[in-house]
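# output the structure for:
(chains A and B, ligands or ions: 1)
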Amino acid sequence: MRLLTHNMLSSNIKGVANGFPLKIEVVTVVEKEVEFNIEFLKKMFSKVEWKALAEASRTMGYTELPENADASMLDSDDFLHKFHHALLELHLEEGALVCPETGRKFPVNKGVPNMLLHEDEV
Amino acid sequence: MSRPELLAPPEIFYNDDEARKYTSSSRIIDIQTQLSERALELLALPDDGVPRLLLDIGCGSGLSGETLTEHGHQWLGLDISESMLDIALEREVEGDLMLADMGQGLGLRPGILDGAISISAVQWLCNADKSCHEPRIRLKAFFSSLYRCLGRGARAVLQVYPENIAQRELILGFAMRAGFSGGIVVDYPHSSKRRKEYLVLTCGPPSLSTTTPEGKGEDGESCSDEDSSEDEENQTVCISDRCRPRKKQKVNKRGKGRDWVLKKKEQMRRKGNAVPPDSKYTARKRKDRF
Ligand SMILES: C[S@@+](CC[C@H](N)C(=O)[O-])C[C@H]1O[C@@H](n2cnc3c(N)ncnc32)[C@H](O)[C@@H]1O
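From the prediction side, this is the model:
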């Protein structure tokens, strides 16, 4: 699971008002190279919740993203490459996602988060 | 052929065996790829070469997602069957995967998606596979969450196999109630085998861009005296009723030529029957009478 996906996911449990962002518990992280596409990054920049991405990347052991970012930084090649790496190349392979409100854990195995809810959570 | 939807819940039906069988059949691969290509076409994304962020609902072993990758898009796939997702991992698909039940609603941030596709999956929601399942509640949860996580003006194209008219209307009804505009596109409406239907849904109120595109092969066999506003189910019935006898006639005309007639006459003669002599008129082509 990439941080792009982490940045999209939110806890869907009944009664939870703000399920984003899910906390990350890391067991293993893997890196996979992905083709760099500047247009996609620029488009995604406006959609990404930056704070959540920066914090998630730090949890995954990558400390290069700035705390805050604004669109002017998209002119920097260096910034774009770091953004690219954090968003698309870092994968949570084993671990868990944790609902920020209830603490419920969604396990991540082989890179696949299990987001199935129990009957009483729907 | 019986409907898999009636045999078992999806996470049971698509077990390890079935998931492997499904993904190693070249016939299934071909069909799913064609359906995905068409769904992507109906999504009508801007033709600017920029990759989009798409959702593949009921992504299974990744056959549909691979089409998205081939067109350069980033995608997230969700499926309820672990066995199907295992095969997707084995095949090293490019999209991210998650184990989730669309009937529980999609847990995604509002407005995040540029589009969504679903190939041969949504009709599963019409079944109650557990005592706690109520198809209407699950359809509602699915469509309202799908509406929320799509950007304004973004589309969802869902290829479905409804069991009957009631199921089709049930699915479309919940899509409309969630706020989508759009409708159903039917490709090859007159062919029972090739006929495929797609819900083409746009996020937001009806406008010029939300008018439902035309289906393919709609005029493949003409049905001229039939009111074209008739719904597609009626068209199918009217066409098959009228075309079947026509097809049979063709076979009769083509199938038995002069050689066949000469042979039959010879057989009859040998049996001692009185048979007119062969001439240049034997088994000649006769003028069509109507
Ligand atoms: C015919 S397969 C299609 C898979 C893939 N889209 C393709 O084109 O090859 C249908 C898929 O829908 C999935 N499915 C059925 N009900 C589902 C649900 N409630 N939530 C998520 N996936 C579901 C099944 O597990 C199965 O993988």
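
# show me what from chain B comes close to the ligand.
Within reach of the ligand by CB under 6 Å from any ligand atom, chain B has these residues: B:10, B:14, B:32, B:58-60, B:63-64, B:78-81, B:84, B:101-103, B:119-121, B:124. C-beta: built from backbone N, CA, C; applies to glycine.

# so which of those residues are in strands?
In strands, defined here by DSSP state E, the members of the residues of chain B next to the ligand are B:78-79, B:119.

# which helices and strands does the one helix or strand residue B:39 maps to pack with?
Under the criterion of DSSP states H and E, residue B:39 resides in helix B:26-43. When contacts are defined as 3 or more CB pairs under 8 Å, 6 or more residues apart in numbering or on different chains; DSSP states H and E, helix B:26-43 packs onto helix B:63-70, strand B:113-119, strand B:150-160, strand B:196-203.

# what are the contacting residues of that helix?
With contacts defined as CB atoms under 8 Å, 6 or more residues apart in numbering or on different chains, helix B:26-43 is touched by B:22-23, B:54, B:63-64, B:66-68, B:71, B:115, B:117-120, B:155, B:157-159, B:185, B:187, B:196, B:198, B:200, B:213, B:216.

# quick one, which of those residues are buried?
Among these, the ones that count as buried by 16 or more other CB atoms under 10 Å in any protein chain shown are B:22-23, B:54, B:63-64, B:66-68, B:71, B:115, B:117-120, B:155, B:157-159, B:185, B:187, B:196, B:198, B:200, B:216.

# separation between residue B:71 and chain A?
Computed as CB to the nearest CB, to the nearest Å, the residue B:71 to chain A distance reads 13 Å.

# what residues are up against that residue?
residue B:40.

# if I look at it, how far off is residue B:55?
Residue B:71 is 15 Å from residue B:55, where distance means CB to CB, to the nearest Å.

# in chain A, what residue is nearest the ligand?
Proximity of chain A to the ligand (CB to the nearest ligand atom) peaks at residue A:116, 9.3 Å away.

# so that residue sits in a strand?
No: counting by DSSP: H, G, I helix; E, B strand; the rest coil, residue A:116 is not part of a strand but coil.

# that one touches residue B:103, doesn't it?
No: contact criterion CB atoms under 8 Å: residue A:116 and residue B:103 do not qualify, at 10.7 Å.

# neighbour-wise, which of those two wins?
Remark: of residue A:116 and residue B:103, residue B:103 carries more neighbours, 23 against 15, as counted by other CB atoms under 10 Å in any protein chain shown.

# isn't the more buried one right up against residue B:136?
No: between residue B:103 and residue B:136 there is no contact under CB under 8 Å: 10.7 Å.

# tell me the gap between the longest helix anywhere in chain A and the middle of its chain.
Determined from DSSP state H, the single longest helix within chain A is helix A:50-59. Computed by CA atoms, centre = their mean, to the nearest Å, the chain-centroid distance of helix A:50-59 equals 7 Å.
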